[in-house]
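A.B. asks: Show me the folded form of this:
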Amino acid sequence: MAFELPPLPYDTSALAGAGMCQETLELHHGKHHQAYVTALNGFVEKDPKLQGKSLEEIVKLSYGQSDMAPVFNNAGQHWNHILFWKNLSANGGKLPGKLESKITQDFGSVQAFKDAFKTAATTQFGSGWAWLVLAADGKLKITKTPNGSNPLATGEGKALLGLDVWEHSYYLDFRNRRPDYTQNFLDKLANYEFAEAELSAA
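C.D. replies: Take a look at the predicted model:
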């Protein structure tokens with residue numbers, strides 16, 4: 001069964017007031033994410049060893065395999081974006097109690113968490129992602145990955161929040177100001193309720 005582009009959990013104009021315009025969402029979801037899905041389906045169609053496998057299985061199978069790099073790039077980006085759309089909310093930026101106390105416990109303060117996340121996002125050279133993950137030791141940590149890679153592939157933990165720092169995700173709204181885009185995400189767009197639900201489920 002072919003992979004599909006999931007619908008956005010909100011209207012394309014829903015995040016404009018929080019710093020992500022309709023055109024950004026239309027291009028990012030409708031064009032960029034769709035292109036990853038289309039390419040991935042093309043690879044699966046041609047390769048029997050990929051057929052019948054889940055997206056997670058394909059990400060893990062293709063990670064670190066040079067001959068499967070194009071498969072990994074598109075599978076990884078499909079997985080990353082499925083999470084990314086859920087990580088955004090028009091009413092984002094508000095930390096629910098359980099997640100806030102866990103963040104304070106593991107990072108020292110909410111500000112320390114935001115500073116560490118912003119550092120990861122802004123120091124990721126070129127394209128990539130910044131993540132808040134629940135590590136195997138039960139602690140929250142910040143990590144970053146290049147291009148289409150993710151914590152599922154690297155085994156760094158369960159991803160609770162992921163921020164896309166490819167230029168197409170912020171150029172219309174913030175031009176080349178990645179630090180401002182990251183700060184806006186942390187303060188206005190981040191769906192911390194979703195992250196808390198993922199934390200509880202883990």
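A.B. asks: all contacts plus neighbour counts: C-alpha atoms, from now on.
C.D. replies: Noted.
A.B. asks: now the helix or strand where Gly42 lies: how far from the chain's centre is it?
C.D. replies: Element membership of Gly42 [criterion: DSSP states H and E] is helix 34-46. Helix 34-46 sits 19 Å away from the centroid of its parent chain (Cα atoms, centre = their mean, to the nearest Å).
A.B. asks: What is the helix or strand following it packed up against?
C.D. replies: Following helix 34-46 in sequence order, the next helix or strand is helix 55-62 (DSSP H and E). Judged by 3 or more Cα pairs under 8 Å, 6 or more residues apart in numbering; DSSP states H and E, the packing partners of helix 55-62 are helix 69-86, helix 151-154.
A.B. asks: Tabulate those in a markdown table, adding columns for mean pLDDT.
C.D. replies: As requested, those are arranged in a markdown table below (pLDDT from 0 to 100):
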| stretch | mean pLDDT |
| --- | --- |
| helix 69-86 | 98 |
| helix 151-154 | 98 |
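A.B. asks: Comparing these, which comes out most buried?
C.D. replies: helix 69-86 (a mean of 21; mean count of other Cα atoms under 10 Å).
A.B. asks: helices or strands up against that helix?
C.D. replies: Secondary elements touching helix 69-86 (3+ Cα pairs under 8 Å, 6+ apart): helix 34-46, helix 55-62, strand 158-164.
A.B. asks: got the helices and strands packed on helix 55-62 as JSON lines, with distance to Ile142 columns?
C.D. replies: Compiled in JSON lines, those are given as follows (distance: least, Cα to Cα, whole Å):
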{"stretch": "helix 69-86", "distance to Ile142": "16"}
{"stretch": "helix 151-154", "distance to Ile142": "10"}
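A.B. asks: Ok, which of those comes nearest Met20?
C.D. replies: In terms of Cα to Cα, the element of the helices and strands packed on helix 55-62 nearest to Met20 is helix 69-86, at 11.9 Å.
A.B. asks: Might you calculate how far that closest one sits from the centre of the chain?
C.D. replies: Centroid displacement of helix 69-86 relative to its chain, using Cα atoms, centre = their mean, is 8 Å.
A.B. asks: Check the chain and tell me which residue is nearest its centre.
C.D. replies: Gly162 (3.2 Å; Cα atoms, centre = their mean).
A.B. asks: Please look at it and Asn87 and confirm they touch.
C.D. replies: Yes - at 7.0 Å, Gly162 counts as touching Asn87 under the criterion of Cα atoms under 8 Å.
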